[in-house]
Structure formats: structure tokens, C-alpha cells
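In: Build me a model:
(one chain, ligands or ions: 1)
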Amino acid sequence: YQIYATMQNPDPDRFPVIHEEWENLARKKLQDGPFYYIAGGAGSEKTMRANLKALSKQEIIPRMLRNVDQRDLSVNLFGQKYPFPILQAPIGVQSIIHEEGDIGSAKASAEMGVPYIASSASSVPMEKIAEAMGDAPCWFQLYWSRDSEIVASFLSRAEKSGYSAIVVTLDTPMMAWREKDLKNVYLPFLAGEGVANYFTDPAFLTKLDKPPQEDPQAAIIHWTKIFGNTGLTWDDIDFLREHTKLPIILKGILHPEDAKLAVKKGVDGIIVSNHGGRQVDGAIGALDALPDVAAAVGDKATILMDSGIRRGSDILKAIALGAEAVLVGRPLMYGLAVAGQRGVKEVMQNILADLDITMGLAGQSSVSNLEASLLRKME
Ligand code: FNR
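Out: Sure thing, here's the model as predicted:
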């Protein structure tokens with residue numbers, strides 16, 4: 001609203017407003033490797049497009065004359081109140097995107113009161129991220145390693161360093177067929193500091209013959225062997241429950257039957273997500289999966305959603321269809337690429353101002369009251 005209050009862009013030469021312009025600027029700034037690491041998806045990128053299509057197929061039917069003077073964007077998640085219904089999605093190895101990396105984007109989240117979800121594959125140790133965030137909300141994302149000592153170590157480090165929830169990513173038991181990454185022969189973790197969160201983990205280090213500083217190649221090779229676990233089943237959720245008291249949120253649920261299994265296992269939340277179209281090419285668009293998952297879960301767990309959120313109206317649609325809040329991924333990484341911490345904050349502010357205005361214009365004064373009747377799905 002700064003823009004409208006002054007009738008001019010507060011700083012017209014500095015940052016773009018349009019999402020696509022941020023992406024274009026990031027394209028100019030980054031080499032092929034890091035740019036396509038962010039922008040690319042699995043296979044033909046059909047699912048990446050399906051995410052945007054699913055959102056654009058939903059049309060808002062605005063309501064009038066409903067006193068929208070005061071608009072409340074706040075949400076309650078796992079007993080905590082947050083000012084906005086967004087979270088920063090976990091993204092690995094951000095040091096290859098901008099020198100401020102994971103710490104820069106975490107601090108932008110902290111400035112906004114938006115929970116930051118630190119990736120297992122962060123390019124700085126999780127303790128450093130937590131420290132940089134001070135009292136601001138941060139959650140830890142677990143890549144479930146086939147080495148259960150590393151899993152236990154990550155969970156205990158997360159608790160000790162002040163993370164308040166564990167996001168367990170289920171859709172990545174192994175790297176997907178990402179054609180652009182393969183074409184660029186670009187393994188992002190080979191650059192910069194690598195996956196420092198692993199390279200400083202006591203359990204990980206005991207499995208190496210030499211420290212990663214002395215033999216980075218061997219450390220990376222070991223990492224690729226242990227990072228995922230294709231042998232997991234639903235019964236393994238019990239292991240997580242035994243190793244942490246924090247809320248457990250399963251990321252990557254698309255099928256309503258899996259949502260029911262998650263509820264049966266007593267998890268606290270689920271994230272309806274196809275990893276931004278980066279895992280199964282041809283998978284259902286995340287917003288299309290949301291209503292059936294929401295119906296299967298009812299009020300037995302907290303539902304979040306990601307994949308394809310770009311603008312305020314996208315957030316409104318996801319919440320109307322059953323999510324309590326959404327995660328934002330690539331847009332914030334384009335912000336990071338262009339201007340580090342300042343860029344991430346600017347993109348967040350734009351998305352949230354857009355949401356606030358869209359809510360008001362659609363006759364909605366509270367994100368907790370958004371209902372599916374506000375939408376119609378185009379054929
Ligand atoms: C991701 N994502 C991801 N997820 C996760 O659980 N751990 C991770 O380390 C990463 N790393 C990662 C890197 C990059 C470059 C991207 C773009 C994505 C997935 C991410 O958390 C989220 O699910 C998607 O980004 C959401 O889709 P949008 O908003 O990017 O369309």
C-alpha cells in the first residue's frame with residue numbers, strides 16, 4: 001500500500017514488482033547451473049506447469065458490502081500465532097544462489113515474522129541459521145537419511161538449537177530425473193561450502209575416513225549414498241516420534257489415502273506438495289490434490305500447502321480450499337539471487353500486500369474464514 005499511499009512506487013529504480021521480472025533478473029545474474037537448479041523441474045516439467053494451471057483454473061467470486069476495513073492475515077499453527085499465512089519453504093544449498101545464502105533468506109523471514117524452514121541440505125549448519133534468527137520462528141526440514149544415526153542426530157541438534165517444528169520431506173527418497181540439472185552436469189552441492197549441515201554433523205563425520213575439508217569428494221560421495229532412504233514405510237514414523245517432542249509435519253502428501261495414514265500415525269500436520277514439480281513428472285497439481293486431502297484429514301491435523309504459489313490470489317485460493325497457510329519457494333529464491341536478504345524481504349512484502357488487497361476486494365476480512373464457496377473451478 002506504500003505504492004498507493006504515495007501514488008508512486010516508493011523506489012522505482014530498485015526492485016521490480018512483477019514476479020516474472022524477478023525471475024528474469026535472476027536469470028541475468030546467475031549461471032545456467034544455479035539458475036536451472038532453482039527454475040527447473042522434473043522431466044518434461046509437466047507438473048511444474050500443472051501447479052500454475054491448477055491455481056489459474058480456480059476463479060474467485062468476490063463478495064461486496066462486507067466491511068473489510070480491518071483485515072486479519074494472522075494464523076495459528078501448532079499453538080503459535082503468526083502475522084501472515086505464509087512460510088518460507090525449505091531450500092537447500094542457498095550459498096550457490098547468493099553469497100548471503102541461507103542466512104540472508106532466514107533473516108528476511110525473521111524481519112517479517114514468517115517462519116523459516118531450514119533445509120537439511122543447508123549450506124551452513126542449522127545451528128548458525130537458528131542463531132541468526134534469534135527469537136524468530138524457525139522450523140527444521142528433515143531429509144530422512146538411510147543412516148538412522150544421522151536422523152537421530154539431526155533431530156536432537158534441531159531441538160537443542162531452538163527449532164520449533166520438524167518438517168519431514170517424504171517425496172524425496174532419492175534425487176529425481178531433473179533434465180536441466182543433468183544437462184548442466186550440475187550437482188549444486190559440489191559448489192561452494194557444499195552441504196555444510198551434513199559436513200558438520202557428528203554422526204555423519206564418524207562415517208568418513210578423512211574430514212570433508214581434506215577430502216571433499218569422498219564426503220560428497222558418502223552424502224549421495226546416505227541422504228535418502230527408499231526403504232521407508234509408514235511404521236518408520238514411530239522412530240521419529242520416539243526421537244522428538246516437536247510437532248511432526250509430513251511434506252509431500254498428495255494422495256488422500258496417504259493423508260489418512262498420516263492421521264492414523266498421529267502426525268501433527270501435513271504439507272500438500274509435489275516439491276514444486278521437481279520430483280514426479282506428471283504428478284497432480286498441488287492445488288488439485290488439496291480438496292480431497294483436506295476432506296480426508298478433517299480437523300485431525302494441520303494442513304499446509306505449497307507448489308506454485310506466486311501471488312496473493314494464489315494464497316487466498318489455497319486457504320479457501322483447506323490449507324491453513326502456504327509455503328513459498330522459488331519466488332523468494334529469485335529475490336535472494338537478485339538482492340540477497342533485501343530481495344527476499346521485498347518479494348515477501350509484495351506477495352503479502354497483494355494478498356491483503358485481494359482479500360479486501362473479495363470481501364474477506366479474515367484468512368481463517370475463507371471458504372470454498374468463494375471459488376468456482378473452470379472446466
Ligand atoms: C526445493 N525444495 C526443497 N524441499 C525440501 O523439503 N528440502 C529441500 O532442501 C528443498 N530444496 C529445494 C531447492 C530448490 C531450488 C527448490 C526450488 C525447491 C522444495 C520446496 O521446499 C517447495 O516444496 C517448492 O519450492 C514449492 O514450490 P514453488 O513455490 O517453488 O513453486
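
In: For Glu23, which residues are in contact?
Out: By C-beta atoms under 8 Å, 6 or more residues apart in numbering, the residues touching Glu23 are 39, 330, 334. Yep, even glycine has a C-beta here, placed from its N, CA and C like the rest.

In: could you measure the last one against the ligand, distance?
Out: Right, the one you point to is Tyr334. 10 Å (C-beta to the nearest ligand atom, to the nearest Å).

In: residues near Leu232, how many?
Out: Counted with other C-beta atoms under 10 Å, residues neighbouring Leu232 total 15.

In: so it makes contact with Trp144?
Out: Yes - if you go by C-beta atoms under 8 Å, Leu232 and Trp144 touch, sitting 6.3 Å apart.

In: Need the residues touching each of those two.
Out: Common neighbours of Leu232 and Trp144 (C-beta under 8 Å, 6+ apart) are 170, 173.

In: Tell me how far the residue of the chain found nearest the ligand lies from Gln349.
Out: As assessed by C-beta to the nearest ligand atom, the ligand sits closest to Gly329 within the chain, at 2.2 Å. The gap separating Gly329 from Gln349 is 17 Å, by C-beta to C-beta, to the nearest Å.

In: Can you pick out the residue with more neighbours from these two?
Out: More crowded of Gly329 and Gln349, by other C-beta under 10 Å: Gly329, with 19 against 16.

In: Count the neighbours of the nearest residue to the more buried one once chain neighbours are set aside for me.
Out: Distances taken as C-beta to C-beta, 6 or more residues apart in numbering put Ala89 closest to Gly329, at 3.9 Å, once the chain neighbours are dropped. Using other C-beta under 10 Å, the number of residues around Ala89 comes to 27.

In: Mind pulling up the pLDDT for Ala89?
Out: Here, the pLDDT recorded for Ala89 equals 99.

In: cool, Ile3 as well?
Out: So, for Ile3, pLDDT stands at 65.

In: Return the alpha-carbon coordinates of stretch 204-224 using PDB.
Out: The C-alpha trace of stretch 204-224 is given here as PDB (Å, rounded to 0.1, in the frame of the first residue of the first chain):
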ATOM      1  CA  PHE A 204      28.000 -38.000   9.600                       C
ATOM      2  CA  LEU A 205      31.600 -37.200  10.400                       C
ATOM      3  CA  THR A 206      32.200 -40.600  12.100                       C
ATOM      4  CA  LYS A 207      31.400 -42.300   8.800                       C
ATOM      5  CA  LEU A 208      34.200 -40.600   6.900                       C
ATOM      6  CA  ASP A 209      37.800 -41.700   6.800                       C
ATOM      7  CA  LYS A 210      39.000 -38.000   6.500                       C
ATOM      8  CA  PRO A 211      37.300 -34.700   7.300                       C
ATOM      9  CA  PRO A 212      35.400 -33.100   4.400                       C
ATOM     10  CA  GLN A 213      37.900 -30.300   4.300                       C
ATOM     11  CA  GLU A 214      40.700 -32.800   3.500                       C
ATOM     12  CA  ASP A 215      38.700 -35.000   1.100                       C
ATOM     13  CA  PRO A 216      35.500 -33.100  -0.100                       C
ATOM     14  CA  GLN A 217      35.000 -35.600  -2.900                       C
ATOM     15  CA  ALA A 218      34.700 -38.500  -0.600                       C
ATOM     16  CA  ALA A 219      32.400 -36.600   1.700                       C
ATOM     17  CA  ILE A 220      30.100 -35.700  -1.200                       C
ATOM     18  CA  ILE A 221      30.100 -39.300  -2.400                       C
ATOM     19  CA  HIS A 222      29.100 -40.500   1.000                       C
ATOM     20  CA  TRP A 223      26.400 -37.900   1.200                       C
ATOM     21  CA  THR A 224      24.800 -39.100  -2.000                       C
END
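
In: Cheers, nothing more for now.
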